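Visitor: Show me the folded form of this:
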Amino acid sequence: MEIKLPDYLKYTIIILGIILLIWLMQMFKSVLVPFAFAMLFAMLLLPLVHDLEKKVKIPRPLAILLSLVLVVAVLGMVVWFISVQVLSLTSELDTIGNNVGDLVDKVQLFLFNKFGIVPSNRSDLVRNAIGSLQDIATSFLGNTISMTTGAIAAFTIVPIFVFCLLYYRDHLQQFMFQFVAKDRRSSVIQTVTNIQQVVQSYISGLMIVIVIVSLLNSAGLLFLGVKYAIFFGIFASILTIIPYIGILIGALLPALFTLAATGHLIDAVLVVFVFMFVQFLEGNFITPLIVGSKVSINPFAAIVALLVGGEIWGAAGMILSIPLIAILKVMFDAYEPLKPFGFLLADIDDVAPKKHAKVTNWFMEIWNGLGRGKRKDDEDQNKAA
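Guide: Got it, this is the predicted structure:
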């Protein structure tokens with residue numbers, strides 16, 4: 001017997017359900033975040049595992065282990081490089097501290113000459129700065145210990161989750177079919193395939209973009225003579241996995257380091273200009289050409305997803321926000337009652353009528369006509385011969 005509820009009651013239940021879902025996501029964050037990363041890595045590694053099983057005839061457990069070892073080796077090399085660079089960077093702290101002191105004196109002298117602001121006692125400034133640094137160091141140490149513990153747990157749990165998801169993928173597929181009628185299983189398989197393609201396109205494209213952006217960043221910083229240019233270039237490119245915000249953080253750190261190391265504002269401005277130029281290339285040429293329209297989410301939806309993901313799961317939620325909302329869009333497009341939400345999330349260029357479609361068709365007709373004319377001339381020449 002179907003129970004009909006008033007619209008206001010249905011909407012109230014939906015809102016309460018969303019609130020309950022967000023609360024559960026925050027409550028079980030320690031389990032859901034590694035599981036979400038594991039699902040992404042499992043979908044990314046699935047083609048490699050499948051090729052190892054079918055083409056190389058490697059048993060499934062060994063194929064999964066080889067794929068995991070490859071991923072862990074690449075990530076380990078990146079972590080090792082960043083750690084070495086950070087340790088080397090700490091040796092510059094004394095020089096940076098002296099340069100910061102000289103920069104403070106120059107700023108105070110400029111303010112006194114231009115605006116008559118009496119300079120503060122430098123010793124007081126240094127004492128306050130040291131006190132602030134001690135507080136920051138204490139907080140940073142606590143956060144580092146917490147993050148290290150979480151990272152160790154993540155590196156332990158995520159590979160286990162990935163192995164289980166890949167090893168039991170046939171069983172999980174049969175489990176999913178238990179909830180779907182036989183006449184609808186083909187559409188479910190197509191939806192799952194679309195989700196897998198979206199995730200694979202996003203992650204693989206993002207990796208290629210990170211490599212290209214790191215090369216461009218490093219080349220620009222090396223041209224300016226910035227110390228640790230390769231480290232800052234790679235670090236900023238890795239932060240591009242956090243949309244819109246990551247590139248700002250990645251540009252701010254080398255700019256402040258350059259300002260503190262050289263004491264010249266123009267050097268920091270040039271560093272920021274390099275990152276702005278690379279960001280322009282990445283946003284308008286690199287990412288559209290590599291990733292294409294596989295993850296066709298409009299910027300407004302991406303920003304909202306970024307904020308919501310950061311509020312629920314922190315930095316991990318910001319990283320996961322774009323691929324998760326892309327998965328939701330695929331699911332919305334596959335289910336008829338939810339298609340309006342898929343339309344809302346879609347990029348406007350994908351749903352708006354093409355303004356230049358007639359011109360493009362006209363050029364295509366001319367091109368095809370020229371091709372037909374050339375083929376006719378060739379046929380006439382062959383007949384004459």
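Visitor: who's in contact with V213?
Guide: Counting by C-beta atoms under 8 Å, 6 or more residues apart in numbering, V213 touches A236, S237, T240, V278, E282, I286. All C-beta spots, glycine's among them, are computed from the backbone N, C-alpha and C.
Visitor: what's the helix or strand for it?
Guide: According to DSSP states H and E, V213 maps onto helix 185-224.
Visitor: Most neighbours among the contacts of V213, please name it.
Guide: Taking other C-beta atoms under 10 Å as the neighbour criterion, A236 ranks highest of the contacts of V213 with 28 neighbours.
Visitor: Need the three-state assignment for L68.
Guide: Look at L68: counting by DSSP: H, G, I helix; E, B strand; the rest coil, its state is helix.
Visitor: And for it, nearest residue in space, chain neighbours not counted?
Guide: Once flanking residues are discounted, L68 sits nearest to P159: 5.3 Å by C-beta to C-beta, 6 or more residues apart in numbering.
Visitor: quick revisit: for the helix holding V213, which positions count as buried?
Guide: Using 16 or more other C-beta atoms under 10 Å as the test for burial, helix 185-224 gives 188, 192, 194-196, 198-203, 205-206, 209-210, 212-214, 216-218, 220-221.
Visitor: same deal with stretch 224-238?
Guide: Quick answer for stretch 224-238 (16+ other C-beta under 10 Å): V226, Y228, A229, I230, F231, F232, G233, I234, F235, A236, S237, I238.
Visitor: Would you list the phi and psi of the residue nearest to R185 when sequence neighbours are not counted?
Guide: What sits nearest to R185 in space, not counting adjacent residues and going by C-beta to C-beta, 6+ apart, is F177, at 5.7 Å. Torsion angles at F177 (phi, psi; degrees, to the nearest 10) stand at phi -70, psi -20.
Visitor: rewinding a little: what about the residue nearest to L68, how many neighbours?
Guide: P159 has 19 neighbours, counted by other C-beta under 10 Å.
Visitor: so which strand or helix has it?
Guide: Here P159 sits within helix 122-167, counting by DSSP H and E.
Visitor: follow-up on the earlier one: which of the contacts of V213 lies closest to I249?
Guide: Proximity of the contacts of V213 to I249, judged by C-beta to C-beta, is greatest for A236, which lies at 8.0 Å.
Visitor: what residues are up against that closest one?
Guide: Counting by C-beta under 8 Å, 6+ apart, A236 touches V213, S214, N217, G246, I247, I249, G250, A251, L253, P254, F275.
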